[in-house]
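1. build me a model from this:
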Amino acid sequence: MRKIIMAALVMTGLLVMMPESAYSQRSKNKKKSRVENVKNQFDGSYNYEVETVGVGTEGTKSLKVWAYGKNVDEAIALAKKCAVAACIYRGLPAAENVLATPALCPNPDPKWDDYFGEFFDDGGEYLNYVNLTSDGVPSGQDRLKLKKGGYKCGIYVQVLFDRLRKDLEKKGVIASMNSYF
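-> Next comes the predicted model:
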């Protein structure tokens, strides 16, 4: 009887420990690259919204970007990142008089992990492609306080789209338009 109870305790202990060890192995094997983390941050439809307002002069795209943050300043800073990220990863939606714009680099090669990680760091290179913004403190419908805390803010952003494309081509991140002809 004593052996049966001991065997049952050992089996129960093994069953309890097995899922934990299996989970820890799984997390080690599924390490995400830095670019996947950056791309996933900007890929989800839950964290920002982009609306094409128009096409500006000299290869610019005018967008209205909604982003979420713990405070208004964080939401505004994230909206600028999201405007550039939408051009790179998602593409821009069509508007009344504007055709949809495909993403410049929807699936970047993992060798560009560090580049995109630094590119989207706070104060990073992405700011070179943000031309004009309406980043004064938004009010009215452009600044919404959320029930769960935090804010959803909408700002107008002008992205230097052609310059972004040309710079990504020069760095070799995307293929040059001339390589297709």
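
2. identify the structural domains in the protein and state their residue ranges.
-> Following automatic domain parsing, one finds the domains of the chain at 1-31, 34-180.

3. and those domains as a markdown table, adding mean pLDDT?
-> Shown next, in a markdown table, are these (pLDDT from 0 to 100):
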| stretch | mean pLDDT |
| --- | --- |
| domain 1-31 | 51 |
| domain 34-180 | 86 |
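
4. comparing those, which comes out most buried?
-> domain 34-180 (a mean of 16; mean count of other Cβ atoms under 10 Å). Glycine gets a C-beta too; all of them are placed from N, C-alpha and C.

5. can you give me how far it is from the chain middle?
-> Distance of domain 34-180 from its chain centroid, counting by Cα atoms, centre = their mean, to the nearest Å, is 8 Å.

6. quick one: the strands in this structure, in order.
-> For the chain, applying DSSP state E gives strands covering 48-55, 61-69, 130-133, 143-145, 151-159.

7. wait, which of these is closest to residue 111?
-> Minimum separation from residue 111 across the strands of the chain (Cβ to Cβ) falls at strand 151-159, 24.9 Å.

8. which secondary structure elements does the closest one sit against?
-> Judged by 3 or more Cβ pairs under 8 Å, 6 or more residues apart in numbering; DSSP states H and E, strand 151-159 is in contact with strand 61-69, helix 72-85, strand 130-133, strand 143-145.
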